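Participant: no sequence for this one, just the structure:
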C-alpha cells in the first residue's frame with residue numbers, strides 16, 4: 001500500500017546569511033512530474049542567479065511564489081505530491097544531493113514533456129543581479145533594453161540610458177491628505193534624479209564624516225564685506241563663504257574632485273573645479289555647477305551662486321549647466337536641518353552638506369581662559385567615495401574647510 005503526501009518546499013538559505021531572494025524563473029508548472037535534484041527554479045540573490053533543485057520526487061501541485069516576487073527564506077515556494085511506502089509515511093527532511101550553483105549562461109533546461117530552451121529563448125533578458133535590481137528600482141523593463149554586454153547581457157549603462165529616455169512631461173504635483181490617495185507619476189526630473197541617486201548608491205562606497213564649527217567670525221566678516229561698495233548690489237549669503245572655504249580646501253586635496261573611471265581602471269583628476277550646487281525646484285532636484293569656480297573671487301562666486309539659484313527656480317537650468325561637475329555642495333540648512341548624509345552626485349568623489357546656522361552656547365578660549373558665550377554654530381557633513389579618497393584625505397578636506405570658516409583670516413596664508 002502506498003500513500004500520497006503533499007510536501008511543501010521552503011526557500012532555503014543558500015549561504016552567507018541570505019534572508020530573501022527573488023523568484024526569477026520557474027522550470028516546472030502545476031501537473032509536471034519532477035525528480036530529486038531536478039532544477040525547478042532560478043532565484044536571484046544579492047550576488048548571483050542560483051538554481052534550486054527539487055528535494056522531492058513527485059507531481060507539482062502548486063507554485064506558491066510567482067515569478068518576480070521576493071520571497072523570504074523559510075517561506076513556502078512550491079508544493080509537490082509525493083508517493084511513499086508505509087515505512088516512509090513520516091515526512092522526510094528535504095536533503096539536496098546536488099549542491100546549489102550559479103546559473104551558467106545559456107544553459108539548457110528541459111521542462112518535463114517540453115522542448116529544450118535557453119534563457120534568451122524563454123524571453124528572459126540576461127543581466128547581473130545588481131543590474132536587475134537597478135532596473136527594478138527604476139521601473140525599466142529589461143526585455144525592452146538592447147543587450148550589448150558579453151554573451152548578450154544587459155549592462156548598467158543601458159538601464160540608466162533607458163530610464164533617461166523614458167522621461168516625459170511633468171504633471172502638477174497633488175496631495176492626497178484632503179481626501180482620496182493621490183498617485184504621482186515618477187518621471188521627468190524626479191525620475192532622472194532617482195536614477196542618478198540609485199546609480200550612485202550602488203556604485204560608490206560612501207563614507208560620511210561630520211564636524212561642528214563656530215562660524216561667528218565668518219558672519220562678522222560677511223557683515224563687514226556686505227557694506228563695501230562693490231558688494232552693495234550682491235546678495236552675500238553664508239553659502240558663498242562656505243563655498244569659498246571649500247574651494248580653498250580642495251586646493252590642498254585635489255583628489256576630491258577626481259572621478260573613478262571603471263572601464264579604463266583609472267582615476268581622472270580634472271584641471272579645475274566645476275562646483276555643483278544642489279537646488280530644490282518645483283520640478284525636483286537639479287545640480288547645476290559653476291564652471292571653473294576655483295578661479296573666482298568672493299564677489300564673482302556670490303554672483304554666480306545667486307544666478308544659479310534664480311535660473312534653477314525658474315526651471316531654466318540647461319543640460320550644459322549640469323554637465324561636467326567635479327564636486328557638489330548641498331545646503332540643507334535652508335530647510336532648518338542641522339546636517340545629513342548626502343549621496344554623491346554620480347561621477348563625483350565628494351559632496352559637502354551645509355546645515356543651518358544656530359546660536360548656541362559655546363566654550364570660547366583665549367588668553368584669559370575659558371568661558372561660555374552664545375556663538376553662531378554650523379554643522380558640516382562630507383560624503384566621499386572611499387575608492388578615491390582614504391580616511392585621512394577626507395578628514396583633511398573637511399577639517400580644512402571648517403578651519404577656514406572658524407578663522408577666515410587663514411585664507412590669506
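Facilitator: Everything's here; your move. Only a predicted model underlies this, so the values are computations on that prediction, with no experimental measurement involved. Numbers count the residues shown, from 1 in each chain.
Participant: is it fair to say residue 29 lies in a strand?
Facilitator: No. Counting by DSSP: H, G, I helix; E, B strand; the rest coil, residue 29 is not found in a strand; it is coil.
Participant: how near is it to residue 61?
Facilitator: Distance from residue 29 to residue 61, counting by Cβ to Cβ, to the nearest Å: 11 Å. From N, CA and C alone the C-beta is placed, and that goes for glycine too.
Participant: okay, the two: which has more neighbours?
Facilitator: residue 61 (15 against 12; other Cβ atoms under 10 Å).
Participant: ok, the closest residue to that one other than its chain neighbours - contacts?
Facilitator: Take residue 61 and drop its neighbours on the chain: the residue closest to it by Cβ to Cβ, 6 or more residues apart in numbering is residue 79, 4.2 Å away. Applying Cβ atoms under 8 Å, 6 or more residues apart in numbering to residue 79 gives the contacts 6-9, 60-62, 64.
Participant: what pairs with the host helix or strand of residue 79, and is each one parallel or antiparallel?
Facilitator: Assigned by DSSP states H and E, residue 79 belongs to strand 76-84. Sheet pairing here is set by DSSP bridges, and for strand 76-84 it gives strand 3-10 (antiparallel), strand 58-63 (antiparallel).
Participant: Could you tell me the end-to-end distance of stretch 284-300?
Facilitator: The first residue of stretch 284-300 is 27 Å away from its last residue (Cα to Cα, to the nearest Å).
Participant: can you put the strands paired with strand 76-84 in JSON lines and add mean pLDDT and distance to residue 398?
Facilitator: What follows is the strands paired with strand 76-84, written out as JSON lines (pLDDT from 0 to 100; distance: least, Cβ to Cβ, whole Å):
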{"stretch": "strand 3-10", "mean pLDDT": "91", "distance to residue 398": "48"}
{"stretch": "strand 58-63", "mean pLDDT": "95", "distance to residue 398": "53"}
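Participant: With distance to residue 258 added, can I get those strands in JSON lines?
Facilitator: Shown next, in JSON lines, are these (distance: least, Cβ to Cβ, whole Å):
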{"stretch": "strand 3-10", "distance to residue 258": "48"}
{"stretch": "strand 58-63", "distance to residue 258": "50"}
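Participant: ok, which stretches of the stretch 201-350 of the chain are helices?
Facilitator: 216-226, 238-250, 298-313, 319-322 (DSSP state H, counting those that start in this stretch).
Participant: before we move on, the earlier item: what residues of the strand holding residue 79 count as buried?
Facilitator: Residues 77-80, 82, 84 are the ones in strand 76-84 that count as buried (16 or more other Cβ atoms under 10 Å).
Participant: rewinding a little: what's the pLDDT at the residue nearest to residue 61?
Facilitator: On the pLDDT scale, residue 79 is placed at 96.
Participant: And it, how close does it get to residue 64?
Facilitator: Counting by Cβ to Cβ, the gap from residue 79 to residue 64 is 6 Å.
Participant: what touches both of those two?
Facilitator: Taking Cβ under 8 Å, 6+ apart as the contact rule, residue 79 and residue 64 both touch residue 8.
Participant: can I see the domain layout of the chain?
Facilitator: Using automatic domain parsing, the domain parsing of the chain gives 3-117, 125-169+182-203, 205-412.
Participant: Looking at the strands paired with strand 76-84, which one is packed in the most?
Facilitator: strand 58-63 (a mean of 18; mean count of other Cβ atoms under 10 Å).
Participant: So which residues make contact with it?
Facilitator: 6-7, 26, 28-34, 40, 77-83.
Participant: please redo it, this time with the cut-off set to 7 Å
Facilitator: With contacts defined as Cβ atoms under 7 Å, 6 or more residues apart in numbering, strand 58-63 is touched by 6, 26, 28-34, 78-83.
Participant: what angle separates the biggest strand by length in the chain from helix 216-226?
Facilitator: Using DSSP state E to define each element, the chain has its longest strand at strand 369-385. Orientation of strand 369-385 against helix 216-226 (axes from the mean of the first three to the mean of the last three Cα atoms, to 10 degrees) gives an angle of 80 degrees.
Participant: Tell me, how many residues neighbour residue 374?
Facilitator: 11.
Participant: again, but for residue 321
Facilitator: Residue 321 has 20 neighbours, counted by other Cβ under 10 Å.
Participant: I'd guessed it sits against residue 288; true?
Facilitator: Yes. Shown here, residue 321 and residue 288 form a contact pair, counting by Cβ atoms under 7 Å, at 4.0 Å.
Participant: could you pull out the strands for the stretch 151-300 of the chain?
Facilitator: Per DSSP state E, counting those that start in this stretch, the stretch 151-300 of the chain carries strands over the ranges 153-154, 206-214, 259-261, 266-268, 275-277, 279-281, 284-286, 289-290.
Participant: and residue 265, what is it in contact with?
Facilitator: Residues near residue 265 by Cβ under 7 Å, 6+ apart: none.
Participant: Distance check, it against residue 28.
Facilitator: Note on residue 265: its distance to residue 28, by Cβ to Cβ, is 43 Å.
Participant: Please apply the same query to residue 371.
Facilitator: To residue 28, residue 371 is 78 Å away according to Cβ to Cβ.
Participant: Could you do residue 7 as well?
Facilitator: For residue 7, the distance to residue 28 - Cβ to Cβ - is 14 Å.
Participant: ditto for residue 141
Facilitator: Here residue 141 is placed at a distance of 25 Å from residue 28 (Cβ to Cβ).
Participant: Compare the two (neighbour count), which wins?
Facilitator: residue 28 (22 against 11).
Participant: For the more buried one, what are phi and psi?
Facilitator: Main-chain dihedrals, residue 28, degrees, to the nearest 10: phi -130, psi 170.
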